[in-house]
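Novice: Structure of the sequence below:
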Amino acid sequence: MNFRIRLLLFLLVAGISFSLTGCARNTAPLTQTGFYFDTVIQITLYDTQDTAVLEGCFALADTYEKMFSATIEGSDLWRINHSGGSPVTVSEDTAALLQAALYYAGLTEGRIDPTILPVSQLWHFGTDDTPQIPEASALEEALSHVSYQNIAIDGSQVTLNDPQAAIDLGFIAKGYIADRIRDYLLEQEVHSACVNLGGNVMVVGSKPDGSPFTIGIQKAFAQDGVAEATINVSDTSVVTSGIYQRYFYEDGMLYHHILNTSTGYPVENDITSVTILCPSSVDADALSTACYCLGVEEGIKLLNSMEDIEYLFLMKDGSRHVSDGFPLS
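Specialist: Numbering: from 1, shown residues only. This next block holds a predicted model:
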């Protein structure tokens, strides 16, 4: 799971303390950063001083990284990818995440595909190696093993019908993890929190004073923290996919990490980024990538057919396509 990307979304919360209703003093929030999923994550809790709850969030991040990573030896995904086509027993979480990935692969007719790993490995995006354009013959061979239909799930058993296929859940895993951290926080009676998993932001409730959180959407190719737009949100998830996450130039042409599953090369369209806002982070995560791959017309048609989804498409010419309910501030 290669997630070495710049933060695409960031909190723009004034001050580091909030006056809690009914209290005579300010209480500083609990916050902690860490490095998981090949990116910096930050979790901030505003209505508790229980450090054990914050530690529990990072324990979940550690557990899921060791479960969903395609590169950590012994993870569920690593074992599937190295099974030689034999059935592998996985956790309930891995089976559920794979089912969600297959749903979105089918919904987009394979425009996003969890078996893209043989192709993406050739580009070296998000690794310690220098990104590069693959050899045409190697790309053709890798593409022959890309098909989500090669993944068979029977309860907790997963089988790759093509032994040379390999799974990467980078387009959806952080969304699943954000949802599980939110569920954990609610179980711990935390109702005001921000979970930023390297650009995938889950906002739990509102600020302690009842006002919404302000989230900045990164301006493409600008210095980190420069906002293209800001939104005010409560109790929802915000996820952006864009071409400025991982990219390189060669002969004056930009090559980015969102790959066309038919050609193996970066998707070509006029979109800079897609931001999805919805209660489910796993849906927002998958849809942001899916709609980039589908393009503006097909992407908006898909989103308009779904409930509780708001969107912002930022275009290379500076224009925007935005849903009526997208909460631009």
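
Novice: Where do the helices of this protein begin and end?
Specialist: 51-68, 76-81, 92-107, 117-123, 136-143, 173-187, 281-294, 296-304 (DSSP state H).

Novice: Now do the shortest one, average pLDDT.
Specialist: Going back to what we said before, that points to helix 76-81. Helix 76-81 shows a mean pLDDT of 98 in the predicted model.

Novice: now swap in the fourth one and tell me
Specialist: Per-residue confidence for helix 117-123 averages out to 96 on the pLDDT scale.

Novice: ok, and what's touching that helix?
Specialist: Outside of helix 117-123, the residues within contact range by CB atoms under 8 Å, 6 or more residues apart in numbering are 2, 70, 81, 131-135, 138-139, 142-143, 145-146, 164-168, 255, 257, 259, 261, 264. Placement of C-beta: from N, CA and C, glycine included.

Novice: And Leu97, how far from Val296?
Specialist: Applying CB to CB, to the nearest Å, the value for Leu97 to Val296 is 28 Å.

Novice: who's more crowded, those two?
Specialist: Using other CB atoms under 10 Å as the criterion, Leu97 and Val296 rank with Leu97 on top: 26 against 16.

Novice: Show the contacting residues for that one.
Specialist: Per CB under 8 Å, 6+ apart, neighbours of Leu97: Phe68, Leu169, Ile172, Ala173, Tyr176, Val282.

Novice: ok, it to Thr261 distance?
Specialist: Leu97 is 19 Å from Thr261, by CB to CB.

Novice: Ser211 too?
Specialist: 42 Å.

Novice: looking at this protein, which helix or strand is least sure?
Specialist: strand 18-19 (a mean of 30; mean pLDDT, DSSP states H and E).

Novice: didn't Leu160 look like it was pressed against Tyr148?
Specialist: No: using CB atoms under 8 Å, Leu160 is not in contact with Tyr148; the gap is 10.8 Å.

Novice: okay, and the common contacts of these two?
Specialist: With CB under 8 Å, 6+ apart as the test, Leu160 and Tyr148 both reach Thr115.

Novice: ok, Ser211 and Thr261, which is more surrounded?
Specialist: Taking neighbours as other CB under 10 Å, Ser211 and Thr261 compare with Thr261 leading, 21 against 12.

Novice: What is the burial count for the residue lying closest to Gly106 once chain neighbours are set aside?
Specialist: Using CB to CB, 6 or more residues apart in numbering and skipping the chain neighbours, the partner closest in space to Gly106 is Tyr148 (7.2 Å). Tyr148 has 23 neighbours, counted by other CB under 10 Å.

Novice: Tell me who's in contact with Tyr148.
Specialist: Ala101, Leu102, Ala105, Gly106, Gly110, Asp113, Pro114, Thr115.

Novice: Do you have the strands of the stretch 101-250 of the chain handy? List them.
Specialist: 151-154, 157-160, 192-196, 200-205, 213-218, 227-233, 236-242, 247-250 (DSSP state E, counting those that start in this stretch).
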